[in-house]
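Engineer: just a sequence and a predicted model for now, questions to come.
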Amino acid sequence: DATIDNAGVLTIGTGAVTSAKIADGTIVAADMDLTTGGTYNFATGTLQVNGSNVLTSASSIAFSGLTGGTNSTATMLVGAGGSIAPSGGDVISNKFIGTGSTTNAVDLASAEVDGVLPDANVANNLTIDGGTIDNTAIGATTPYTGAFTSLSVGGLTTLNGQVTINNNVDVSQSTATDPSIAVANTGSAPAIAIDNGAGTGLALSISDGGGAVKLSSGFATVSLDALTIPDDVSVYHITSDNNGTDDTITMPAGFEGKILYVVFTSTSGNAIFGIYTTTQSASITFVYVNSSWRVLSVYE
């Protein structure tokens with residue numbers, strides 16, 4: 001070890017210096033190897049290095065000065081007021097951790113995500129709780145199944161296919177011109193079928209004063225002493241041709257349990273129904289039982 005007090009220029013030859021202390025002045029290194037194990041103190045003055053950057057524990061470097069590298073141990077912390085903002089580049093991560101995170105992915109059902117998802121960004125399988133659906137009808141092109149606790153429809157509702165309704169159904173009529181329930185049947189099966197076999201109450205009940213029951217009816221006049229009653233009526237009015245010859249009336253095909261009421265009006269002839277012949281005018285009630293028509297009552 002040596003102390004040199006020199007106000008001029010001190011030249012140290014080629015070699016290694018393990019410990020050096022320069023009180024003041026300037027070091028110009030032409031060829032100097034400072035070992036890493038030594039200690040070098042500069043009290044005042046300027047240390048001039050012509051070459052790569054020199055960093056100390058208290059120094060900083062611009063972010064643009066970082067060119068790459070991998071670090072598996074250090075943690076980069078961005079404090080209050082600071083930020084990492086990409087400018088034309090990408091921020092790539094295999095984890096997204098925020099407030100309320102439960103997984104490494106973006107957790108929609110947590111405080112990680114805030115705001116409203118626009119309709120244009122919704123693809124399939126959306127669950128809406130207490131919201132509304134506008135603009136596009138669900139199942140407009142491809143049918144889907146749905147379950148609703150309650151459903152209110154303000155316009156026309158079209159149901160294609162079989163409809164099953166469990167529990168009670170209340171129908172309220174708000175207009176005086178249209179029926180509360182209108183059934184149009186284009187098939188061969190009954191338009192309305194009631195199966196009350198598992199119940200103990202009435203299959204059909206109309207409250208007292210709740211209105212009359214209308215059955216299908218028709219009118220016809222005998223031609224050439226013959227007439228056939230159609231299958232689609234329950235009440236039929238027949239007027240004789242009144243030519244002095246009895247009229248032959250053919251009964252409809254019938255089905256088990258059908259009731260048919262026939263009013264025959266004549267001034268000169270009788271009506272022959274096969275199972276009964278009138279004396280001119282008569283009102284007859286028929287019932288179809290055991291594959292044949294029976295006379296239930298006659299009024300002449």
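Structural biologist: Now that the structure is in, tell me what you want to look at.
Engineer: can you map out the strands along this structure?
Structural biologist: Secondary structure of the chain by DSSP state E: the strands cover 16-22, 26-27, 33-42, 46-47, 217-221, 226-228, 235-239, 247-250, 259-265, 271-272, 282-289, 292-299.
Engineer: so what strands line up beside the fifth one?
Structural biologist: What that stands for is strand 217-221. When pairing is defined by DSSP bridges, strand 217-221 lines up against strand 235-239 (parallel).
Engineer: relative to strand 259-265, how tilted is the partner strand?
Structural biologist: Interaxial angle, strand 235-239 versus strand 259-265 (axes from the mean of the first three to the mean of the last three CA atoms, to 10 degrees): 20 degrees.
Engineer: show me the contact partners of strand 235-239.
Structural biologist: Here strand 235-239 makes contact (CB atoms under 8 Å, 6 or more residues apart in numbering) with 215-222, 227, 229-230, 247, 249, 260-266, 271. (C-beta placed from N, C-alpha, C; glycine too.)
Engineer: next one: stretch 76-90
Structural biologist: residue 91.
Engineer: neighbours of the residue lying closest to residue 286 once chain neighbours are set aside, just the number please.
Structural biologist: Distance criterion CB to CB, 6 or more residues apart in numbering; nearest residue to residue 286, sequence neighbours excluded, is residue 260 at 4.5 Å. Using other CB atoms under 10 Å, the number of residues around residue 260 comes to 21.
Engineer: can you tell me how far residue 260 sits from residue 251?
Structural biologist: For residue 260, the distance to residue 251 equals 8 Å [CB to CB, to the nearest Å].
Engineer: what residues are shared contacts of the two?
Structural biologist: Common neighbours of residue 260 and residue 251, using CB under 8 Å, 6+ apart, are 229, 286, 293.
Engineer: look up the pLDDT of the first one for me, please.
Structural biologist: Note on residue 229: pLDDT of 98.
Engineer: does it touch residue 253 like I think?
Structural biologist: No. Checked against CB atoms under 8 Å, the pair residue 229 and residue 253 is beyond contact range at 9.9 Å.
Engineer: of those two, who's got more company?
Structural biologist: A direct count of neighbours by other CB under 10 Å for residue 229 and residue 253 places residue 229 higher, at 20 against 10.
Engineer: against residue 123, how distant is the closest residue to residue 184 other than its chain neighbours?
Structural biologist: For residue 184, ignoring the flanking residues on the chain, the nearest one in space by CB to CB, 6+ apart is residue 191 at 7.7 Å. Residue 191 is 43 Å from residue 123, where distance means CB to CB.
Engineer: got it, and residue 268?
Structural biologist: As for residue 268, its distance to residue 123 is 82 Å (criterion: CB to CB).
Engineer: where does this structure have low pLDDT?
Structural biologist: For the chain, the stretches with pLDDT under 70 are 1-59, 125-144, 174.
Engineer: run the last query once more with 90
Structural biologist: 1-199, 210-211 (pLDDT under 90).
Engineer: does residue 180 touch residue 211 like I think?
Structural biologist: No. Using CB under 8 Å as the test, residue 180 is too far from residue 211 to be in contact (11.0 Å).
Engineer: nearest residue to residue 233 in space, please, no chain neighbours.
Structural biologist: residue 218 (4.5 Å).
Engineer: which residues touch the closest residue to residue 228 other than its chain neighbours?
Structural biologist: Nearest non-adjacent residue to residue 228, counting by CB to CB, 6+ apart: residue 250, 4.1 Å away. Counting by CB under 8 Å, 6+ apart, residue 250 makes contact with 226, 227, 228, 229, 274.
Engineer: where's residue 250 relative to residue 78, distance?
Structural biologist: Residue 250 is 99 Å from residue 78, by CB to CB.
Engineer: contact partners for the residue nearest to residue 286?
Structural biologist: Contacts for residue 260 (CB under 8 Å, 6+ apart) come out as 229, 233-236, 251-252, 254, 285-288, 293.
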